[in-house]
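[1] mind looking at a prediction? Sequence and model below.
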Amino acid sequence: MTAAGFAGFVTARYPALVRYGTLLTGDRGKGEDLTQEALVKTYRAWRRLHEQGDPEAYTRQVMARAAWRAGRRMWRREIPAEALPDRAAAGDAYDRHDTAQIVLAALRELPAAQRVVLVLRYWAGLSEQEIAAQLGCSAGTVKSRASRAIAALRRADGPLADAFALTGSAVSETGPMS
C-alpha cells in the first residue's frame, strides 16, 4: 500500500468517517478531530496493512476505541468560561422535526461509553460480541451499556420524548439504524 493509496482512501472515505466520528462523539467538530487522529494512526500503520486489508475497518476501530477511552477521561478538553459565547442563530422552523438532529441531540446526552455502544450496535450493525472484541471489553459490559442507554432514551423527560409524542413511535432494541 502506497502513500497515493492512502490519499485515495482519505479522499473517498473522509465524509463517511466524519459522520461516524460525529455519531461517536455527539459533535461534528469533535467527530472531525476524532477522524483526523484516527487517520494519523492509519497512515502510520499503512505499510503494515496488508494489500487485501480493510483500511476503513482499521480506521473505524481506532475511532471507536478512542471515543470509548475519551469517555473515561476526567478532562474532556472543555475549558470553563465566565460568559457563554454567542450561539449560532436558530436553524429553520423544521429543525425540531429533523430526525437526524433529534437523534444527534439525544446521543449527545448519553455518556460516551453508552453512545459508542449504541452507534456500533444500531448504526454500524455489529453484534454484542463484535462490539466487545472491538472495544476490548466483555459482552456483559456491552449489554449493560446498551440497556442503560436505551432506558435513558426512553425516559418520558428525555431528549426523544417530544419526537415520540409527535410520531407515536418508540425506541426499538432490534436491528441496525440506517
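    Done, it's in.
[2] next up, the contacts around residue 55.
    The neighbourhood of residue 55, defined by Cβ atoms under 8 Å, 6 or more residues apart in numbering, consists of 1, 6, 9, 42, 46, 49. (Each C-beta comes from the backbone N, C-alpha and C, glycine too.)
[3] give me that answer again for 7 Å
    Residues touching residue 55, when contacts are defined by Cβ atoms under 7 Å, 6 or more residues apart in numbering, comprise 9, 42, 49.
[4] so for the longest helix along the chain, mean pLDDT?
    Secondary structure of the chain read by DSSP state H shows that its longest helix is helix 3-25. For helix 3-25, mean pLDDT rounds to 91.
[5] could you export it as CSV, CA atoms only?
    Output in CSV follows, covering the C-alpha atoms of helix 3-25 (Å, rounded to 0.1, in the frame of the first residue of the first chain):
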residue,chain,number,x,y,z
ALA,A,3,1.1,6.9,0.1
ALA,A,4,-1.0,7.5,-3.1
GLY,A,5,-3.3,4.7,-1.9
PHE,A,6,-3.7,6.4,1.4
ALA,A,7,-4.6,9.7,-0.2
GLY,A,8,-7.2,8.0,-2.4
PHE,A,9,-8.6,6.3,0.7
VAL,A,10,-8.9,9.6,2.6
THR,A,11,-10.4,11.3,-0.4
ALA,A,12,-13.0,8.6,-0.9
ARG,A,13,-14.0,7.8,2.7
TYR,A,14,-13.4,11.1,4.7
PRO,A,15,-17.0,12.3,4.7
ALA,A,16,-18.3,8.9,5.9
LEU,A,17,-15.6,8.7,8.6
VAL,A,18,-16.5,12.2,9.8
ARG,A,19,-20.2,11.2,10.0
TYR,A,20,-19.2,8.1,12.0
GLY,A,21,-17.0,10.3,14.3
THR,A,22,-19.9,12.7,14.8
LEU,A,23,-22.1,9.9,15.9
LEU,A,24,-19.4,8.5,18.2
THR,A,25,-18.7,11.9,19.9
